[in-house]
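>>> What shape does this take:
(2 chains)
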Amino acid sequence: MRYRLKDTVDCLLIVTAFLLLTGFDMTKHSIPVEEIQSGGPPKDGIPSLTEPSFVSAEEALFMDGDDMVIGLQIGSEKKAYPVKILNWHEAVNDRIGGIEVLATW
Amino acid sequence: MSGRLYKANVLLYDKETESLWSQLLRRSVTGPLTGKKLPVIPSVLVRWDKWRKLHPDTLVLSERTGYARNYSRDPYRSYHKNPLAFFDFPLIKKGIKAKELVYGVEVGGVRKAYPLKLLKALKTPLKDTVAGVEVTIISDSESGEIRLNGADGEVMAGLITYWFVWNSFYPGTELYSVPK
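Numbering: from 1, shown residues only, chains lettered A, B, ... in the order given. As a prediction, this is how the structure comes out:
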């Protein structure tokens, strides 16, 4: 009986730990779930940008010449996503020329 | 972001279904959307002054993001400088550092990595053979563009990442070295 109770408690602890660790329903998956690791910050600890705002090149006084950017051109629209901002947000949801794009770093 | 990593590479999640998406694989790997792929739009990684010169009418993502962050500080400075991989990955190839950036390509089912600094130093297009297919890699130092062309001129997509990350996703990958 004692062992059974311990097993149940262990099992509950594992399930709780799993949910706390993941927070995502991974029932369906194409990679080994046990190979998914924590990156340090929790979910949304690194907030992606979903309503980004933009400035012109002249207005971008915070940019230095040697700052790296991801440059994207769709049709006649061009956008630069500075790596120094992407470092803190890792993903930007955006629209260019009517197309939904995700810039991720 | 999900706060999770797969092979030291970030996993994104979508807010509608909470599926996880591998950045490097460009597809969903867990949750309801598992298996769904995202098409890749060609982009460049380039210095701001060069991009601005070529595209004076460009827009730039504003530092007014709604979040209080010090964008002049690189949170990964020590991570970039640390010669060790974030996790213990077996590194089978020598002559390249774990955190050297590579341009990774896939041709005919074969993966190959090209050290980025080698491509950036190219004066002429680099011709190579991958999986028996003749390919040309063009690297324009002014625009930052790196393009992979097949023999028939078709453009294929590559990506830039750390060598140890590329190698852990594709352990059998080839690594380009300058012919002696």
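>>> what sits against the residue of chain A found nearest chain B?
Among all residues of chain A, A:Gly65 sits closest to chain B, at 3.5 Å; criterion: Cβ to the nearest Cβ. For glycine as for every other residue, the C-beta is placed from the backbone atoms N, C-alpha and C. Contacts for A:Gly65 (Cβ atoms under 8 Å, 6 or more residues apart in numbering or on different chains) come out as B:Arg47, B:Trp48, B:Asp49.
>>> ok, now which ones touch the spatially closest residue to B:Val44 that is not a sequence neighbour?
Distances taken as Cβ to Cβ, 6 or more residues apart in numbering or on different chains place B:Gly144 nearest to B:Val44, at 4.0 Å, with adjacent residues excluded. Contacts of B:Gly144 were listed using Cβ under 8 Å, 6+ apart, and they are A:Gly71, B:Val44, B:Leu45, B:Val46, B:Arg47, B:Lys50, B:Trp51.
>>> ok, now how distant is B:Ala68 from A:Glu51?
Distance, B:Ala68 to A:Glu51, by Cβ to Cβ, to the nearest Å: 16 Å.
>>> What of B:Leu25?
27 Å.
>>> Of these two, give the one with the bigger neighbour count.
B:Leu25 (17 against 9; other Cβ atoms under 10 Å in any protein chain shown).
>>> Not counting sequence-adjacent ones, nearest residue to the more buried one?
B:Phe169 (7.4 Å).
>>> mind checking pLDDT for the one you found?
Per-residue pLDDT puts B:Phe169 at 94.
>>> tell me which residues form a beta bridge with B:Leu11?
B:Arg4, B:Ser22 (DSSP bridges).
>>> Hmm, it is touching B:Trp21, no?
Yes: using Cβ atoms under 8 Å, B:Leu11 makes contact with B:Trp21 at a distance of 6.5 Å.
>>> Need the overlap of contacts for these two.
B:Val29.
>>> Weed out the non-buried ones from the contacts of A:Gly65.
B:Arg47, B:Trp48 (16 or more other Cβ atoms under 10 Å in any protein chain shown).
>>> Just give me the closest of the contacts of A:Gly65 to B:Gly158.
B:Gly158 has its nearest neighbour among these in B:Arg47, at 19.5 Å by Cβ to Cβ.
>>> Who is that closest one paired with across the strands?
Beta-bridge partners of B:Arg47, as defined by DSSP bridges: A:Met68.
>>> Give me the pLDDT value at it.
93.
>>> what does the one 5 residues further on give?
Reading off the per-residue confidence, B:Arg52 sits at a pLDDT of 97.
>>> That one looks like it's in a strand, true?
No: looking at B:Arg52 with DSSP: H, G, I helix; E, B strand; the rest coil, it is helix, so not inside a strand.
>>> pretty sure it contacts A:Ala57?
Yes: look at B:Arg52 against A:Ala57 with Cβ under 8 Å: they come within range, at 5.0 Å.
>>> Now do the shared contacts for these two.
B:Thr58.
>>> So those two - more neighbours on which side?
B:Arg52 (22 against 18).
>>> OK, contacts around that one?
A:Ala57, A:Ala80, B:Thr58.
>>> Mind putting those residues into TSV with distance to B:Arg4?
Below are the contacts of B:Arg52 laid out as TSV (distance: Cβ to Cβ, whole Å):
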residue	distance to B:Arg4
A:Ala57	36
A:Ala80	28
B:Thr58	33
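>>> Now tabulate those in CSV and tack on pLDDT.
Formatted as CSV, the contacts of B:Arg52 follow (pLDDT from 0 to 100):
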residue, pLDDT
A:Ala57, 98
A:Ala80, 98
B:Thr58, 98
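>>> Looking at those residues, which one is closest to B:Ala131?
Distances from B:Ala131 to the contacts of B:Arg52, taken by Cβ to Cβ, are shortest for A:Ala80, at 34.7 Å.
>>> Burial check on the nearest residue to that closest one once chain neighbours are set aside, number of neighbours?
Excluding the flanking residues, the one nearest A:Ala80 by Cβ to Cβ, 6+ apart is A:Val69, at 4.1 Å. By the criterion of other Cβ under 10 Å, A:Val69 has 29 neighbours.
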